[in-house]
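Participant: Any chance you can model this:
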Amino acid sequence: MSSRIGALLIHGLGGTQFDLGSMHRRLKRCGIETHSLTLPGHGTTPEALVPLRAEAWIEAVTLKYRELIYRYDTVHVVGMCMGALLAAALCARERHCKGRLITLASPIYIDGWSTPWYRALRHVLYYVPLVPARMKIEEGEPYGIKNSLVRNIVKAKFERGDNFHYRWVPLACLREVDRLRRQVIRDAEQIICPTLVVHAREDDLTSLKSAEFIARTVSDARVVVLENSYHMICVDNDREQAAVSVVDFLGVAPLAPAASAIVEPCLPELVSE
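Facilitator: Predicted coordinates for the structure are as follows:
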């Protein structure tokens, strides 16, 4: 009797499962049943993020994980951007050992080439009354995407008001991401499952220093460096290499790229809840 394999896929800050491109479908084609959740404060309006604490996100992914861990013989945990931080925090907290961890563009450090030189000032603004709730951090070009065609599609989706990603997040939300980052840095040594780190050399949000931290801290970690993408690696130029790296790490045969690969990752995926 074959074992049942599931995977929990966690989207990024302000995002949806669009962040993970075709990853759900690729894993399903390999016989892995995928599951996702909409993180608290997401799927409505950016203002919903203002009162949230990082603990709410951690609790949400933990509840979903505990629901799945008893349904499957193996559960893999996959996260993109902030979702990668949550995946790492979850695996450390739960001492996950019934599957593998995959971090995609994990922002352990927010130090990419497109982040402004004054980024450290946010830590001061966190303590200025009313500013964290009212200050908007806008999503702007290049939208974490190097591929000009995909970037233009994303830009058009923003202009149409498509509900695939928030156009901005409140500064208060970044404060919670920073708290989550510190927790992962503190607890990463508690991750005991095999871990794959996929990171772009030119990531505009978070440098390779983040990948190097995980590789150095987690006892069983493998790193794949992508050479032709920015932050959104699941929809950018190296999306095929990223997907193949994931399925190979999980012990299944890589799939051939789809003929419509240029535009396909830009379409929201149908995912199981």
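Participant: how about the strands of the stretch 1-150 of the chain, start to end?
Facilitator: Under the criterion DSSP state E, counting those that start in this stretch, the stretch 1-150 of the chain contains strands at 5-10, 33-36, 74-80, 101-104, 136-138.
Participant: Pick the most buried one from those.
Facilitator: Of all those, strand 101-104 has the most neighbours on average by mean count of other CB atoms under 10 Å, namely a mean of 30. For every residue, glycine as well, the C-beta is placed using N, CA and C.
Participant: May I have the strands that pair with that one, each with its orientation?
Facilitator: strand 74-80 (parallel), strand 195-200 (parallel) (DSSP bridges).
Participant: could I get the first one in PDB with only the CA atoms?
Facilitator: Once non-C-alpha atoms are left out, strand 74-80 reads as follows in PDB (Å, rounded to 0.1, in the frame of the first residue of the first chain):
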ATOM      1  CA  THR A  74       4.300  12.300   5.000                       C
ATOM      2  CA  VAL A  75       3.800  16.100   5.100                       C
ATOM      3  CA  HIS A  76       6.100  18.500   3.400                       C
ATOM      4  CA  VAL A  77       6.100  22.200   4.400                       C
ATOM      5  CA  VAL A  78       6.700  24.800   1.700                       C
ATOM      6  CA  GLY A  79       6.800  28.600   2.100                       C
ATOM      7  CA  MET A  80       7.500  31.600  -0.100                       C
END
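Participant: where does the stretch 1-150 of the chain dip in pLDDT?
Facilitator: 1-2 (pLDDT under 70).
Participant: partner residues bridging the residue lying closest to A211 once chain neighbours are set aside?
Facilitator: Nearest residue to A211, sequence neighbours excluded (CB to CB, 6 or more residues apart in numbering): H199, at 3.9 Å. Beta-bridge partners recorded for H199 (DSSP bridges): V225.
Participant: H199 and R66, how far apart?
Facilitator: 28 Å (CB to CB, to the nearest Å).
Participant: Could I get the buried residue list for stretch 146-160?
Facilitator: K146, N147, V150, R151, I153, V154, K157, F158 (16 or more other CB atoms under 10 Å).
Participant: which SSE is the fifth one in?
Facilitator: To tie it back to what came earlier, the one meant is I153. Secondary structure from DSSP states H and E places I153 in helix 148-160.
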